[in-house]
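In: Here is the input, now give the coordinates:
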Amino acid sequence: MSSRYFENLSCEFYPCHKLERMNCLFCFCPLYRFENCGGSPNYITAADGRRIKDCSDCVFPHIEENYGRVLRRLENE
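Out: Reported below is the predicted structural model:
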């Protein structure tokens with residue numbers, strides 16, 4: 001285990017994705033605000049016509065190997 005990995009086994013929502021190893025370090029994705037976030041979000045349309053990003057099936061920030069990619073994306077903004 002490294003500082004790039006944290007698993008919160010006591011979380012009431014754990015596991016929130018179907019992964020063998022669940023990295024909870026970025027529990028709330030810091031890339032949510034980016035259109036091109038590097039993950040695989042879906043988009044839904046709200047009743048008022050707004051386009052809403054749905055990341056419930058995305059595991060990009062929860063894979064330990066993507067830690068550096070997440071940080072690089074944040075540094076470039």
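In: residue ranges for the helices of this protein, please.
Out: 67-75 (DSSP state H).
In: which intervals of it have sub-threshold pLDDT?
Out: The model of the chain has pLDDT under 70 over residues 1-2.
In: tell me the strands in it, going along the chain?
Out: Counting by DSSP state E, the chain has these strands, from start to end: 42-45, 51-54.
In: Sheet-wise, list the partners of the first one with their directions.
Out: To tie it back to what came earlier, the one meant is strand 42-45. Sheet pairing here is set by DSSP bridges, and for strand 42-45 it gives strand 51-54 (antiparallel).
In: which residues touch the strand it pairs with?
Out: Residues outside strand 51-54 that contact it (CB atoms under 8 Å, 6 or more residues apart in numbering) are 32, 41-46. In this view, the C-beta of every residue, glycine as well, is placed from N, C-alpha and C.
In: can you put those residues in CSV and add neighbour count and distance to Phe26?
Out: Below are those laid out as CSV (neighbours: other CB atoms under 10 Å; distance: CB to CB, whole Å):
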residue, neighbour count, distance to Phe26
Tyr32, 14, 10
Pro41, 20, 14
Asn42, 11, 19
Tyr43, 9, 20
Ile44, 10, 22
Thr45, 9, 26
Ala46, 8, 25
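In: and which of those is nearest Leu19?
Out: Checking the contacts of strand 51-54 against Leu19 by CB to CB gives Pro41 as the nearest, at 16.8 Å.
In: Quick check: the closest one touching Phe60?
Out: No. Using CB atoms under 8 Å as the test, Pro41 is too far from Phe60 to be in contact (9.0 Å).
In: residue contacts, Arg4?
Out: 23, 25, 64, 67-68 are the contacts of Arg4 under CB under 8 Å, 6+ apart.
In: Report the buried members of those.
Out: The neighbour-count test (16 or more other CB atoms under 10 Å) marks 23, 64, 67 as buried among the contacts of Arg4.
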